[in-house]
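Colleague: here are the coordinates; sequence isn't available:
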């Protein structure tokens, strides 16, 4: 009878489990053993094929832990989301919603953008431009005071402690002067109201109310009819052109003639066209003339600015 023999595959006096575990780690490139390595419980922590890195403390003492990217079956590596980003259902990171909206533009730039977007009236655009021209203590003229909104806006721009500024406001309609006075009573104190002088007269005579030697910083025209009044009482192209000529004579260099022309009522477009023809012929050495007009709103008011060099 043949004698039995035994085959030993591990060194004597060694633990067979640890011996074969180390051998499998040596063959970690083999596809068969790679399946065995997927379970970390089969290996001691010291020989784990993908050890976890210890977090490193930051300068402020805080600890930031980011696990190592692990390859996915598709070969795509997942990346941790960036700060302030949003993880979309697709797994991609979107940062569009994390970008704050641009701040509103200051001053006249913001008003112009709102006007372009249809969110501001032409008169408010004019007021915004005035603020870049008029200074405290200036002399200004409201050539068509109407219900007083332009007069009030000008008063707030020129009023100061010196009380040297003046607003000369005029209109041919008595009701317009009364409405302007009433608005001022409810909007400013008596001392401020004294800086406004109201005249019942045609704006062609504006030069008569300005004291000798005083130059005017701004002359404002808001043409058409009185809102809430008689729509048959309107400004006329012939007197408007004469008033613009009168304003040119008393305006200081660096001053502005501001015109809001309304073209939706009878006679309004003719008035605007004559103003446009007149101002387009002014010498560019002395005047900068421009207009703001909505192209697809034919009845919208038109802004005209005449800046004196």
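Modeller: Nice, I can see it. None of the values given here were measured: they were computed from a predicted structure. Numbering: from 1, shown residues only.
Colleague: quick one: average pLDDT of the helix or strand hosting residue 167?
Modeller: Using DSSP states H and E, residue 167 maps to strand 166-171. Mean pLDDT, computed over strand 166-171, is 98.
Colleague: so which elements touch it?
Modeller: Packing partners of strand 166-171 (3 or more C-beta pairs under 8 Å, 6 or more residues apart in numbering; DSSP states H and E): strand 139-142, helix 149-158, helix 174-187, strand 196-200. (C-beta placed from N, C-alpha, C; glycine too.)
Colleague: chain neighbours aside, what residue packs nearest to residue 274?
Modeller: Closest residue in space to residue 274, ignoring its immediate chain neighbours: residue 237 at 4.4 Å, by C-beta to C-beta, 6 or more residues apart in numbering.
Colleague: gap between that neighbour and residue 161?
Modeller: Distance of residue 237 to residue 161, given as C-beta to C-beta, to the nearest Å: 42 Å.
Colleague: same drill for those two, tell me which one is more crowded.
Modeller: Set side by side, residue 237 and residue 161 show more neighbours around residue 237, with 17 against 7, by other C-beta atoms under 10 Å.
Colleague: surely the more buried one meets residue 269?
Modeller: No. Residue 237 is not in contact with residue 269 according to C-beta atoms under 8 Å; the separation is 10.0 Å.
Colleague: packed most tightly, which of the helices and strands packed on strand 166-171 would that be?
Modeller: strand 139-142 (a mean of 27; mean count of other C-beta atoms under 10 Å).
Colleague: what does that strand contact?
Modeller: With contact meaning C-beta atoms under 8 Å, 6 or more residues apart in numbering, strand 139-142 is reached by 134, 150-151, 154, 157-158, 165-170, 206, 210, 214-220, 247, 250.
Colleague: let's see 6 Å
Modeller: The contact list for strand 139-142 (C-beta atoms under 6 Å, 6 or more residues apart in numbering) reads 150-151, 154, 166-169, 206, 214, 216-220.
Colleague: and the two most separated of those?
Modeller: Among the contacts of strand 139-142, the pair separated by the greatest distance (C-beta to C-beta) is 150 and 214, at 20.0 Å.
Colleague: coming back round to it: show me what the strand holding residue 167 is in contact with.
Modeller: Contact with strand 166-171 is made by 139-142, 145, 151, 154-155, 177, 195-199, 201, 203, 209, as judged by C-beta under 6 Å, 6+ apart.
Colleague: that concludes my questions; thank you for your assistance.
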